[in-house]
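J.: just a sequence and a predicted model for now, questions to come.
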Amino acid sequence: MSGTYGKPLEMLSCDAVALAEDLRNGRISPLTLVQQALERSGQVQVAFNAFTAIRRKEALLAAEAAEMALKRGDPVGPLCGVPVAVKETTAVAGDLWTEGSWIFANRVAGHDATVVSSLKQAGAILLARTASPEFAWAGTTQSPLWGVTRNPLDPARTPGGSSGGAGVAVATGCVPIAEGSDMGGSIRIPASCCGVYGFKPSQGRIPFTAVPVLKDPLSHWGPLARSVRDVALFMDVAQGGGDWGYDTPPPVAFREQLALRDIGTIRVGVSVDLGCYAVAPDIEAAFETAVEAFARAGAEVREVFPDLPPEMVNVWDREWDVWQAFVHGEEVRGREQELDPSVRRIIAAGKRVSAVQYREGEIVRLEMWKNIRDIFRSCDVFVCPTLALDVPFIDGPYPAENGVPDGRLHEVTMTGPFNLLARLPVLSVPVGQSASGMPVGMQIVGRPGDDLTVLQVAHMMEQAGVVWRGACDQKI
């Protein structure tokens, strides 16, 4: 049953909101949709290695159950029958949960992560597990256990990381929404590399319950998606995380309020380099073209000067080392030689950091916040590129040269600062192409806890034609 669709595969080019509506109205069936998504996922897996598992049996059973519920007229969740993908580092009860590591090659999760429970309760069908580097450590996606994941726009290039498989799954139409996690840009980097949306919500909006602490200083769960309204739908479903009540902000009706803001009321600050990054000329040109288009559409745009301290990158590196040592240090003890050499180095470095050194990062955080706080006194959001350089080649260098003589950060990504300031919501939006034809992403950064305004601004950009649509549905 393909309903009003000209060809069965046309449904895979739709976003989750459109699919959910057509499923509820009987224009397509969950079983047909999932069968097509499984077929597409198999093709994508062969071409790009996006998945660690395609859950064929489980997805078909769930689709049959959704079809019966819809036929009976049962109350169903807002994602009933919609296929989604979940990152391999996120626990799904009964699934292999390897985190890309030989050390956990046979581990099966005994529980659902909070975000997975929310998706299931909303009726989503978990179609596949997406690839990640070992312990989600990198801005590329390749692991000792699962191998290399490739970018669908150019297989010689990375899809980004660590949620690289999720970016590929969304860009190629396997699923309209994929769950990801973001500790230093791991949702936003692949969103930019693959030309889709990627959202790091403000800290606490979706409680990160994957580690045994009350509040994690860097980590966020969030979506990679095909549209802003899909991001809003994911947030409606996932916010709050059930009965997790600590420091969780009041719920927001994201989809309901997405269009309730006039473009003429929006004040947008613009910073090409955050005061310290060396941004490639073609990235800067694509970014500025998008900003100019938004201004022509009616937004109030002004240049701002965050002047963030370059040493913030060293602070993030140190805290990431500690994070890995804390979460995985004891689990890998005695088996370090089985790890990716970079993961082994990070864990060892994290164990050497003193409590005093760790706390020194708060001084840099405070300096960062003072600069950005001043921007929010006159702007609702500010924008900057997601990546400072073009999408890297898989077999080439991944530049990261902190403290170079010209005083600029010659790094690929511009995402980590907003994990140090975890209360700031940030959405990466595809806005153009580099000189090589690869996607260019723009980060929309909001005030602490103001996730809604970020999504409203992105929705205005969609309506104004600023968003670049060239990446989705890449042919293979």
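T.: Noted; the coordinates are in hand.
J.: CA atoms for contacts and neighbours, from now on please.
T.: OK.
J.: ok so residue 199 is a strand residue?
T.: Yes - counting by DSSP: H, G, I helix; E, B strand; the rest coil, residue 199 is located in a strand.
J.: against residue 207, how distant is residue 232?
T.: 17 Å (CA to CA, to the nearest Å).
J.: same thing with residue 458?
T.: Here residue 458 is placed at a distance of 23 Å from residue 207 (CA to CA).
J.: please identify the helix or strand for residue 43.
T.: Using DSSP states H and E, residue 43 sits within helix 30-48.
J.: next one: residue 460
T.: Assigned by DSSP H and E, residue 460 falls in helix 451-463.
J.: what about that helix, distance to the chain center?
T.: Per CA atoms, centre = their mean, to the nearest Å, the displacement of helix 451-463 from the mean C-alpha position of its chain is 16 Å.
J.: would you mind listing the buried residues in that helix?
T.: Within helix 451-463, the residues scored as buried using 16 or more other CA atoms under 10 Å are 451, 452, 453, 454, 455, 456, 457, 458, 459, 460, 461, 462.
J.: export that helix as CSV, just CAs?
T.: Extracted in CSV, the C-alpha atoms of helix 451-463 (Å, rounded to 0.1, in the frame of the first residue of the first chain):
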residue,chain,number,x,y,z
ASP,A,451,15.7,25.6,22.8
LEU,A,452,12.5,26.9,21.3
THR,A,453,13.9,30.1,19.9
VAL,A,454,16.7,28.2,18.2
LEU,A,455,14.2,26.0,16.5
GLN,A,456,12.0,28.9,15.6
VAL,A,457,14.9,30.7,13.9
ALA,A,458,15.8,27.6,11.9
HIS,A,459,12.1,27.2,10.9
MET,A,460,12.2,30.8,9.6
MET,A,461,15.4,30.0,7.7
GLU,A,462,13.6,27.0,6.1
GLN,A,463,10.6,29.2,5.1
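J.: who does it touch, helix- and strand-wise?
T.: Applying 3 or more CA pairs under 8 Å, 6 or more residues apart in numbering; DSSP states H and E, we find helix 451-463 packed against helix 228-238, helix 254-257, strand 426-433, strand 439-446.
J.: ok, now how distant is the nearest residue to residue 426 once chain neighbours are set aside from residue 169?
T.: Excluding its sequence neighbours, the residue lying closest to residue 426 (CA to CA, 6 or more residues apart in numbering) is residue 445, at 4.6 Å. From residue 445 over to residue 169 the distance is 25 Å, taken as CA to CA.
J.: more crowded one of these two?
T.: Taking neighbours as other CA atoms under 10 Å, residue 445 and residue 169 compare with residue 169 leading, 34 against 25.
J.: contacting residues for the spatially closest residue to the more buried one that is not a sequence neighbour?
T.: Leaving aside its chain neighbours, residue 169 sits nearest to residue 175 (6.1 Å; criterion: CA to CA, 6+ apart). Residue 175 makes contact with 12, 37, 83, 84, 85, 127, 169 under the criterion CA atoms under 8 Å, 6 or more residues apart in numbering.
J.: if we go to 10 Å?
T.: 12-16, 34, 37-38, 40-41, 82-85, 126-128, 166, 168-169, 224-226 (CA atoms under 10 Å, 6 or more residues apart in numbering).
J.: sorry, back to before: closest one of the buried residues of helix 451-463 to residue 282?
T.: In terms of CA to CA, no member of these lies closer to residue 282 than residue 461, at 20.8 Å.
J.: hang on, isn't the closest one packed against residue 268?
T.: No - if you go by CA atoms under 10 Å, residue 461 and residue 268 don't touch, sitting 11.7 Å apart.
J.: tell me where the stretch 51-200 of the chain has helices.
T.: Along the stretch 51-200 of the chain, counting by DSSP state H, counting those that start in this stretch, helices occupy 56-72, 114-121, 164-171, 188-194.
J.: make TSV from those helices and add distance to residue 28 and mean pLDDT to it.
T.: Below are the helices of the stretch 51-200 of the chain laid out as TSV (distance: least, CA to CA, whole Å; pLDDT from 0 to 100):
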stretch	distance to residue 28	mean pLDDT
helix 56-72	10	98
helix 114-121	20	96
helix 164-171	20	98
helix 188-194	28	98
